[in-house]
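**Student:** below is the sequence, then the predicted model.
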Amino acid sequence: MKRLFVLLSLVLLVALAACGGQTPEAETQPTVESAVETLPTEAPAVEEAAPPAEEPSETTPLAHTADPALVNKLWFWERRDPNGGATTAIDVPTPSEYNLIFNDDGTFFAQLDCNRGSGIYATPGDGSLMMELGMTTKALCPETSLFNQMLETFPGAAQYRIEGDGATLAIVWANGGPIDYYTAEAAADVTPTGAVDAALVGTVWQWLGTITAVEPIAVADSTRYTIEFLEDGTAAITADCNTVLAQYTADGSAITLTPGPSTLVACPEDSQADLFTQQLSGAALYFFLDGDLYIDLIADSGTMHFGELPTIDLPAPDAGEPTGTVNAPDGIFPVSYTHLTLPTSDLV
């Protein structure tokens, strides 16, 4: 029995060896947790977009407050002080040919030797000054002209001050630049000089309209806008409810006109006075056609049309003859006055 037990044990060992002697390991299968990608339990944080950069705002125009000590004066350029800088000093030999006029409404007129120009300015009331030149004529001045030097003033101006009891204007450039000095002392004593065309003199010209490349400018009441050229080189302008004294020269077909001091009456809302004076300051050439006067403006910006203002010449009534007064509303009769005194026999 013992021998049989040993024999059976040997047979069992041989059988186990034939099968590899070990129990094969099962292939590891991925679990559900390892096979499926773990989903986040919270939504991923969204990166906040950076706030848009603020666009730089346009420069706010300077508030303008008309300075009574500055406006409505004819300022003559006298000299330029380098003010410690490298700019060349200038003594203007003919100040009457280089001048400025500042208007209450923030516009200015300039004579730059043989050229004329206009622009805008602002005086906020703190001594600062901004100037921007607009249109100018383009005549070729002599080689000795200071036209270009005066042009430099307008972009350079930063401050101003009135000195000498209101008789001297100092325009100070930005960043410690030079100083331009103007004087108004001789304004009232200036004797206008220059060529005068006899065909212009002796007639009161009424503005009939302006022809432009865009559209014609119509005048509602031409009798409110007139100009009379005088033999002494001055011109009397009626700009609606105000009067303006100007200087002019007319030689050949060229004309220059510089408006000067003006009355300051507030005109009606429909007034075209500002447009009228601004266009006159841009006069460049003139000619006559069928008895009417035409003035071409600088930079081909238009042609002003003028006609003779009709007048009525009535004989004085005889002594002792009864008279009556006719008061006609403005605009009914295109005449130089609307208050006529007539003999009663002429009244209907």
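**Tutor:** In hand now; what should we look at?

**Student:** for the stretch 201-348 of the chain, give me the ranges with low pLDDT.
**Tutor:** 312-314, 323-348 (pLDDT under 70).

**Student:** now the helices for it?
**Tutor:** 273-281 (DSSP state H, counting those that start in this stretch).

**Student:** can you give me the strands in it?
**Tutor:** 204-211, 217-218, 225-229, 234-239, 242-251, 254-262, 283-289, 292-297, 303-308, 323-327, 339-343 (DSSP state E, counting those that start in this stretch).

**Student:** for Ala170, find the nearest of those.
**Tutor:** strand 254-262 (21.3 Å; C-beta to C-beta). From N, CA and C alone the C-beta is placed, and that goes for glycine too.

**Student:** what would the strands of the stretch 201-348 of the chain look like in TSV with mean neighbour count and distance to Ala316?
**Tutor:** What follows is the strands of the stretch 201-348 of the chain, written out as TSV (neighbours: other C-beta atoms under 10 Å; distance: least, C-beta to C-beta, whole Å):
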stretch	mean neighbour count	distance to Ala316
strand 204-211	20	22
strand 217-218	14	38
strand 225-229	23	24
strand 234-239	21	26
strand 242-251	18	27
strand 254-262	20	34
strand 283-289	16	34
strand 292-297	19	31
strand 303-308	19	24
strand 323-327	11	10
strand 339-343	12	9
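
**Student:** could I get those as a markdown table with distance to Gly84?
**Tutor:** Output for these, formatted as a markdown table (distance: least, C-beta to C-beta, whole Å):
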| stretch | distance to Gly84 |
| --- | --- |
| strand 204-211 | 48 |
| strand 217-218 | 49 |
| strand 225-229 | 46 |
| strand 234-239 | 41 |
| strand 242-251 | 36 |
| strand 254-262 | 33 |
| strand 283-289 | 40 |
| strand 292-297 | 41 |
| strand 303-308 | 46 |
| strand 323-327 | 65 |
| strand 339-343 | 62 |
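
**Student:** and those strands: which comes nearest Arg79?
**Tutor:** Each of those has some distance to Arg79 by C-beta to C-beta; the shortest is strand 254-262, at 20.9 Å.

**Student:** how about residues contacting that closest one?
**Tutor:** Around strand 254-262, the neighbours that count as contacts under C-beta atoms under 8 Å, 6 or more residues apart in numbering are 72-74, 99, 101, 103, 109, 111, 114, 116, 137, 139, 235, 237, 239, 242-249, 277, 280-281, 283-286, 295.

**Student:** closest one to Ala157 among the strands of the stretch 201-348 of the chain?
**Tutor:** Judging those by C-beta to C-beta, what sits closest to Ala157 is strand 254-262, at 19.8 Å.

**Student:** just to revisit the earlier point, of the strands of the stretch 201-348 of the chain, which approaches Gly127 most closely?
**Tutor:** Here strand 254-262 is closest among the strands of the stretch 201-348 of the chain (C-beta to C-beta), at 24.0 Å.

**Student:** could you check the angle the closest one makes with strand 234-239?
**Tutor:** Interaxial angle, strand 254-262 versus strand 234-239 (axes from the mean of the first three to the mean of the last three C-alpha atoms, to 10 degrees): 60 degrees.

**Student:** wait, what's in contact with the residue nearest the centre of the chain?
**Tutor:** Residue closest to the average C-alpha location in the chain (C-alpha atoms, centre = their mean): Ile120, at 4.7 Å. Residues counted as contacts of Ile120 (C-beta under 8 Å, 6+ apart) are Gly106, Thr107, Phe108, Met131, Glu132, Gly134.

**Student:** how about a cut-off of 10 Å?
**Tutor:** Listed by C-beta atoms under 10 Å, 6 or more residues apart in numbering, the contact set of Ile120 reads Pro61, His64, Asn103, Asp105, Gly106, Thr107, Phe108, Met130, Met131, Glu132, Leu133, Gly134.

**Student:** over to Pro178?
**Tutor:** 79-90, 152-153, 156, 171-172.

**Student:** give me the subset of those residues that lies in strands.
**Tutor:** Among the contacts of Pro178, DSSP state E puts Arg79, Arg80, Asp81, Ile90, Ile171, Val172 in strands.

**Student:** list buried residues within those.
**Tutor:** Arg80, Ile90, Ile171, Val172 (16 or more other C-beta atoms under 10 Å).

**Student:** tell me the pLDDT of the closest residue to the second one other than its chain neighbours.
**Tutor:** It stands for Ile90. Nearest residue to Ile90 in three dimensions, chain neighbours excluded: Arg80, at 3.9 Å (C-beta to C-beta, 6 or more residues apart in numbering). If you check Arg80, the pLDDT there is 97.

**Student:** next one: the one 4 residues further on
**Tutor:** The per-residue pLDDT reported for Gly84 equals 91.

**Student:** do I have it right that it meets Gly176?
**Tutor:** Yes - using C-beta atoms under 10 Å, Gly84 is in contact with Gly176, at 7.4 Å.

**Student:** figure out which of the strands of the stretch 201-348 of the chain is closest to Glu163.
**Tutor:** strand 254-262 (20.7 Å).

**Student:** pull the distance from the closest one to the chain's centre.
**Tutor:** Mean-position distance between strand 254-262 and its chain equals 19 Å (C-alpha atoms, centre = their mean, to the nearest Å).

**Student:** equivalent analysis for stretch 152-172, please.
**Tutor:** Taking C-alpha atoms, centre = their mean, the mean C-alpha location of stretch 152-172 is offset from the chain mean by 20 Å.
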